[in-house]
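Enquirer: Here is a sequence with its predicted model. Questions after.
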Amino acid sequence: MELHYRQYSEVGPPLLILHGLFGSLGNWGWHSKQLAESFSVYGVDLRNHGDSPHSERLDYQVMAEDVRQLVERLSLDSCSIIGHSMGGKVAMQLALSYPDLLEKLVVVDIAPVAYPEGADNHMNVLAAMDAVKLDEVKSRTEAEVTLKGFIPEEAIRKFILTNLIRNGQGLFEWRINKDAIRKNYPALRAAVVGEKSFKKPVLFVKGGASNYIQAEHEEAISALFPNASVKVVLEAGHWLHAEQPQALQKLLMNFLLA
């Protein structure tokens, strides 16, 4: 699959940025522009998200293969990758499957483990999106009123609304593939797999108020990524790149330029 991407600069070594579930490359726009001063940054839309093609299949093996094909299409011998949440698992799977393609890896607020059903509110988000009557809604403000009945957090509602776009007929539609996400959600909760560990430098960044990376995950992290370190961004949850951008940016630069 030919993923949609945006290149932010042509200076320095190549760096790919992979967003999380319900996201797109635009969610990391500020960080991409900052990092573009030192790296050739490529923001990537993963399959079924952003402006990339839709597909019925959605799992970490096929998404990692998508990114491998993009690296090949860009004629990159190797690169570093930042991946948040779902994008972090894609990046970890790529590192384990194709270790020669990566120089450094940053995993933002996700562990390489399987997460139990109900550990997050993603099904509730899909229900909220389903409840929006696309043939009737006239504005994002109207759509947000519906979302508010399911999603009390304003920041999450605004994030979800980045997926609401107008089609060629001027009607609203969701640009993400909700059906594929719902159908394949067990695969998105699954652990990444690898026969051998990835021995190059890896940085895991945890939101201080997030429970996605826990002490019990340290064994799995060490087994697959023996050269990993973990840093915590205080006063931040799962969307720490939006909540504490300056603090995260400092950690990213310190690690990637070391």
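Expert: That came in fine, so what should we check first?
Enquirer: Who are the packing partners of the longest helix along the chain?
Expert: Scanning the chain for the helix with the most residues, using DSSP state H, yields helix 60-73. Secondary-structure packing of helix 60-73 (3 or more Cβ pairs under 8 Å, 6 or more residues apart in numbering; DSSP states H and E): strand 14-18, strand 40-44, helix 86-97. Quick note: C-beta positions are derived from backbone N, CA and C, even for glycine.
Enquirer: could you dump it to PDB, C-alpha only?
Expert: C-alpha atoms of helix 60-73 as PDB (Å, rounded to 0.1, in the frame of the first residue of the first chain):
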ATOM      1  CA  TYR A  60       0.800  -4.500  13.000                       C
ATOM      2  CA  GLN A  61       2.400  -6.900  10.600                       C
ATOM      3  CA  VAL A  62       0.700  -5.400   7.500                       C
ATOM      4  CA  MET A  63       1.200  -1.800   8.800                       C
ATOM      5  CA  ALA A  64       4.900  -2.400   9.400                       C
ATOM      6  CA  GLU A  65       5.100  -3.700   5.900                       C
ATOM      7  CA  ASP A  66       3.400  -0.500   4.600                       C
ATOM      8  CA  VAL A  67       6.100   1.600   6.300                       C
ATOM      9  CA  ARG A  68       8.900  -0.700   5.000                       C
ATOM     10  CA  GLN A  69       7.500  -0.100   1.500                       C
ATOM     11  CA  LEU A  70       7.500   3.600   2.100                       C
ATOM     12  CA  VAL A  71      11.100   3.600   3.300                       C
ATOM     13  CA  GLU A  72      12.000   1.700   0.100                       C
ATOM     14  CA  ARG A  73       9.900   4.100  -2.100                       C
END
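Enquirer: If you count neighbours, what's buried in it?
Expert: For helix 60-73, the neighbour count (16 or more other Cβ atoms under 10 Å) marks 60, 61, 62, 63, 64, 65, 66, 67, 70, 71 as buried.
Enquirer: just how off-centre is whatever helix or strand comes next after it within its chain?
Expert: Later in the chain than helix 60-73, the nearest helix or strand by DSSP states H and E is strand 79-84. Distance of strand 79-84 from the chain centroid (Cα atoms, centre = their mean, to the nearest Å) equals 10 Å.
Enquirer: Mind giving me the packing neighbours of strand 79-84?
Expert: Counting by 3+ Cβ pairs under 8 Å, 6+ apart, strand 79-84 packs on strand 14-18, helix 86-97, strand 102-108.
Enquirer: so which of the helices and strands packed on helix 60-73 gets nearest residue 160?
Expert: helix 86-97 (14.6 Å; Cβ to Cβ).
Enquirer: Which among the helices and strands packed on strand 79-84 is found nearest to residue 220?
Expert: Closest approach to residue 220 among these is made by helix 86-97 (10.5 Å; Cβ to Cβ).
Enquirer: Would you mind extracting the C-alpha trace of that closest one into CSV?
Expert: The C-alpha trace of helix 86-97 is given here as CSV (Å, rounded to 0.1, in the frame of the first residue of the first chain):
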residue,chain,number,x,y,z
MET,A,86,-0.7,2.5,17.7
GLY,A,87,2.1,4.1,15.6
GLY,A,88,4.5,3.1,18.4
LYS,A,89,3.5,-0.5,18.0
VAL,A,90,3.9,-0.3,14.2
ALA,A,91,7.4,1.1,14.7
MET,A,92,8.3,-1.6,17.2
GLN,A,93,7.0,-4.3,14.8
LEU,A,94,9.1,-2.8,12.0
ALA,A,95,12.2,-2.7,14.2
LEU,A,96,11.7,-6.4,15.1
SER,A,97,11.0,-7.5,11.6
